[in-house]
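> Just need the structure, nothing else, for what follows:
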Amino acid sequence: MMSDVIAQIARAAAELEAELRALLQLEQDAPPSLRDDLDVLPCLLVERFPQLCDERAELRGLLKIGRAASRSEHLSPAVAAAALAMVAEFRAIIARLSARPVVIGV
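All right, here's what the predicted structure looks like:
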């Protein structure tokens, strides 16, 4: 049922946002401007990991879809399927980035 898929997207996108915040070491009690602005997380991610500059717009769109799903807005089946695939891709990227050591001052 489509409502189950929308709920799944909302959960997956919220988990992705939490993983991004952890990767970027953002506090849960960050100001609302950091929590609610769809541009902040992608920009901070690219600032920290410049090799991801091509994914900034894609991540912003995915976060927007996740927020729409959390409000139970209608999503087409194609958008829903793409969103779930994109969440999986970004979670894999985050896992790889989390596993590698961070070199400071180089």
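> The nearest residue to residue 7 once chain neighbours are set aside: neighbour count?
Using CB to CB, 6 or more residues apart in numbering and skipping the chain neighbours, the partner closest in space to residue 7 is residue 69 (7.4 Å). Using the backbone N, CA and C atoms, a C-beta is placed for each residue, glycine as well. The number of residues packed near residue 69 is 24, by other CB atoms under 10 Å.
> and if you look at residue 16?
When counting by other CB under 10 Å, one arrives at 21 neighbours for residue 16.
> can I assume the residue nearest to residue 7 is in contact with residue 13?
Yes: taking contacts as CB atoms under 8 Å, residue 69 lies within contact range of residue 13: 6.5 Å.
> who touches both of the two?
residue 83 (CB atoms under 8 Å, 6 or more residues apart in numbering).
> one step back: so the residue nearest to residue 7, which state does it fall into?
helix (DSSP: H, G, I helix; E, B strand; the rest coil).
> do you know how far it is from residue 59?
15 Å (CB to CB, to the nearest Å).
> again with residue 40
In terms of CB to CB, residue 40 sits 11 Å off from residue 59.
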